[in-house]
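Engineer: The following comprises the amino acid sequence and a computationally predicted model.
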Amino acid sequence: MINALKSVGRWLDARLQLGQTIADVAEHLVPRSSASWWYVFGSATLVVFILQVVTGICLATVYTPAADRAWDSLIYLNYHQPLGWYLRALHGWGSNFMVALMFVHMIQVFLFGAYKYPRELTWVAGCVLLLCTLGMAFTGQVLRFDQNAYWGLGIGASIAGRTPIIGFKIVHLILGGPIIAGETLSRFFALHVFVIPGLLIAFVGLHLYLVLRLGINEWPMPGRIVRRNTYLAQYHELVSADGEPFFPFAAQKDLVFAGLIILSLLVVAAVAGPIGPNGQPDPTIIETVPRPDFFFLWLFSLFALLPPWTETFLMLTGPVAVIGLLFALPFISGTGEKSWRRRPFSVVIVILAVTIIGTLTWLGTFSPWSPVMDAWSAAPTPVDYVKGRTPLELQGALLVQSKQCRNCHSLGDMGGMRGPALDDTATRLTRDQIVRQIIQGGGNMPAYGKNLTPAEVNALVAFLATMHPRGEPPARDSARPAVPASSN
Amino acid sequence: MEQLTEKTTRRTFLFRLGIAINAIAVALFAIPILGYVLSPARRFTWLDWIPLGPLTDYPEHQTRLAEYVNPFKKAWDGETAKIPCWVRRLAGDEFQVFAINCTHLGCPVRWFAESELFMCPCHGGVFYSDGRHASGPPPRALYQYKYKVEAGQLWVRAGELPTLGKPQV
């Protein structure tokens, strides 16, 4: 039996001529120091990508890439197609896993100086893979054709529309027509299923080929300087003196980590379930609060927080500059120290980037700049704020609700965070200042002068003047006599 | 020796001919491909007059949500063919018809009749009842459609997603 199998194997190898190539690849020598747990993120990203291809093909057998059917087919996948919910969950969470692993891999490669001579193009190919992966994440979010997809496309188009002169042409090109419609989805389907995966596969091939041909980066030692004329000889010396075959010496760690990643994905997808879709992509349903997926939240936050006058300039030049810098990195610092211990500037860049993107993402999860659209009708007035108030003050409390003040201002931690909380307004503003602020607006506040009668302003101010914590006196105009302590 | 040169020449000629033919073929092939893919950008204006219903649907001094069907709709557009807009009737035949899209990044603005403000759920843009910018990041007033009143009907000229690149007014 075993002999028969062996002879089949020999026959196949004689025809395919693959055995030697596979053996060469599997057993190529890697520096002993590179068989580290720090080197497992790239292979894990690739494994998740392969899973994405598998689950993506499965989903494509049911999903209908037509604007009038896509949402229905997603609902069908979630609730009717056997295991459709799980395949969607695996694909959606797989996307998050892939982006996360890719970023960890990128940070590791950056800190270990792996992009330096002679591996410049390995890094460049990696940058293309980064863009493709983010492209997959965005187009995938569009294929989940719901309200977030619809308005997310609107945001993308509005950014593109800011391009001088040809902006609207680019918008029409992206949308496949004058407005978000059937052809938009079809375009994004073609990108998500054919164009970007094709690029991904091609560049994964190049990336891996370069890793094999140029050798995996050795563990960076402080003081071991990369020089163009000596590095290759040093590397070969290192590998031949202290190298180990990739398989199984280094591959075992990749195997264990990739296995754990697959298992965690299976668990996370089972527990968290499929991502969306939320409401139908019907633009006439305007009671919606569009939010992008997790990995684009930081951009969403950035667009809210950038000074408006810088926005168009930064939206158009920022991505070009950042992507350009990423691509240029190995040509800017292609030699020298590899160890992060001797590259404090690089460590600072990583810490800054992670902190900025992390903070913006965190802010994006509750977006304090957005009005809470239903706070005026849904958030109750704290009981303490209406106890023992005069009828005029109560009238003001009602107006705070009915004039939608609470969409932007909170009371008792409920309501919007766009403007300051109203709980202690009276400690910050005198009555006159409150009147002025309401009528004229200012800061981020619209002017309400035209929308309020004098009687309404009077009532609002009467209520707001009571808004100071017990024991903390209200603000007063220092040019006027102090308000007798007994009056409040 | 001479014969060899002749052979080589014939070879190089064939090779060059091959390259030339393929270069021409690829260039010709690219014309329909590019024309097909870039076709949405070739047309300059996608606007048409669309009825928004009788004037009686729009009480004076009020702002109402209206919707129309995209004049360039395809059979498979489904719900995306429906486009909302805000109609503000000042008095008589005097209107303002605002696009639903915030001028910041295109999210749908919502009208709050009590405070007479349009608020955007995305980045906190706020507009006054006449569309002027009130607060937040939007760089300009709300986009407005051209309108006309004919035979007791309100018409708007619409069809494109308004963006800063082509705000339509």
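Structural biologist: Yes, it's here.
Engineer: the helices in the stretch 1-150 of chain A, which residues?
Structural biologist: Assigned by DSSP state H, counting those that start in this stretch, the stretch 1-150 of chain A shows helices spanning A:2-16, A:19-27, A:41-60, A:70-79, A:84-111, A:120-143, A:147-160.
Engineer: How about the stretch 151-300 of chain A?
Structural biologist: A:167-175, A:182-190, A:196-214, A:231-242, A:251-272, A:297-305.
Engineer: what does chain B give?
Structural biologist: Along chain B, the stretches classed as helices by DSSP state H are B:2-37, B:39-42.
Engineer: Up against chain B, what does the stretch 251-400 of chain A have?
Structural biologist: A:280-284, A:286-290, A:300, A:303-304, A:306, A:308, A:311-312, A:367, A:369-371, A:373, A:376 (C-beta under 8 Å from any C-beta of the partner chain). C-beta: built from backbone N, CA, C; applies to glycine.
Engineer: Any of those buried? List them.
Structural biologist: Listed as buried from those are A:280-283, A:286, A:288-290, A:300, A:303-304, A:306, A:311-312, A:367, A:369-371, A:373, A:376; burial here means 16 or more other C-beta atoms under 10 Å in any protein chain shown.
Engineer: where in chain B is pLDDT low?
Structural biologist: B:1-7, B:169 (pLDDT under 70).
Engineer: Per the annotation, how does it divide into domains?
Structural biologist: B:2-41, B:48-158 (automatic domain parsing).
Engineer: again, but for chain A
Structural biologist: A:2-366, A:375-487.
Engineer: Between the helices of chain B, which one is closest to residue A:4.
Structural biologist: Residue A:4 lies closest, by C-beta to C-beta, to one member of the helices of chain B: helix B:2-37, at 48.5 Å.
Engineer: Taking helix A:167-175 as reference, get the angle to the closest one.
Structural biologist: Calculated by axes from the mean of the first three to the mean of the last three C-alpha atoms, to 10 degrees, helix B:2-37 forms an angle of 100 degrees with helix A:167-175.
Engineer: for helix B:2-37, packing partners?
Structural biologist: With contacts defined as 3 or more C-beta pairs under 8 Å, 6 or more residues apart in numbering or on different chains; DSSP states H and E, helix B:2-37 has no helix or strand neighbours.
Engineer: Measure how it sits relative to helix A:182-190, angle-wise.
Structural biologist: 140 degrees.
Engineer: From the contact counts, what lies against the strand ranked longest in chain B?
Structural biologist: The strand that spans the most residues within chain B, counting by DSSP state E, is strand B:82-91. If you count contacts as 3+ C-beta pairs under 8 Å, 6+ apart, strand B:82-91 packs onto strand B:62-69, strand B:94-99, strand B:153-158.
Engineer: I'd like to know how many residues surround the closest residue to residue A:48 other than its chain neighbours.
Structural biologist: What sits nearest to residue A:48 in space, not counting adjacent residues and going by C-beta to C-beta, 6 or more residues apart in numbering or on different chains, is residue A:98, at 4.4 Å. Residues near residue A:98, counting by other C-beta atoms under 10 Å in any protein chain shown, number 24.
Engineer: For chain B, see how far away residue A:98 is.
Structural biologist: Distance, residue A:98 to chain B, using C-beta to the nearest C-beta, to the nearest Å: 27 Å.
Engineer: Is it correct that that residue is in contact with residue A:47?
Structural biologist: No. Counting by C-beta atoms under 8 Å, residue A:98 does not reach residue A:47; the two are 9.4 Å apart.
Engineer: Pick the most deeply packed of the domains of chain B.
Structural biologist: domain B:48-158 (a mean of 19; mean count of other C-beta atoms under 10 Å in any protein chain shown).
Engineer: what distance separates the start and the end of that one?
Structural biologist: Across domain B:48-158, the terminal residues are separated by 6 Å (C-alpha to C-alpha, to the nearest Å).
Engineer: Could you check how far it is from the centre of its chain?
Structural biologist: 15 Å (C-alpha atoms, centre = their mean, to the nearest Å).
Engineer: Likewise for stretch A:435-449?
Structural biologist: 35 Å.
Engineer: What residues of that stretch count as buried?
Structural biologist: By neighbour count on 16+ other C-beta under 10 Å, the buried set for stretch A:435-449 is A:435, A:437-439, A:441, A:444-448.
Engineer: Kindly report the residues of the stretch 1-150 of chain A close to chain B.
Structural biologist: Going by C-beta under 8 Å from any C-beta, the residues of the stretch 1-150 of chain A near chain B are A:66-69, A:71, A:150.
Engineer: mean confidence score for stretch A:207-214?
Structural biologist: Across stretch A:207-214, the average pLDDT comes to 95.
Engineer: And stretch A:76-84, by the same measure?
Structural biologist: Stretch A:76-84 comes out at a mean pLDDT of 97.
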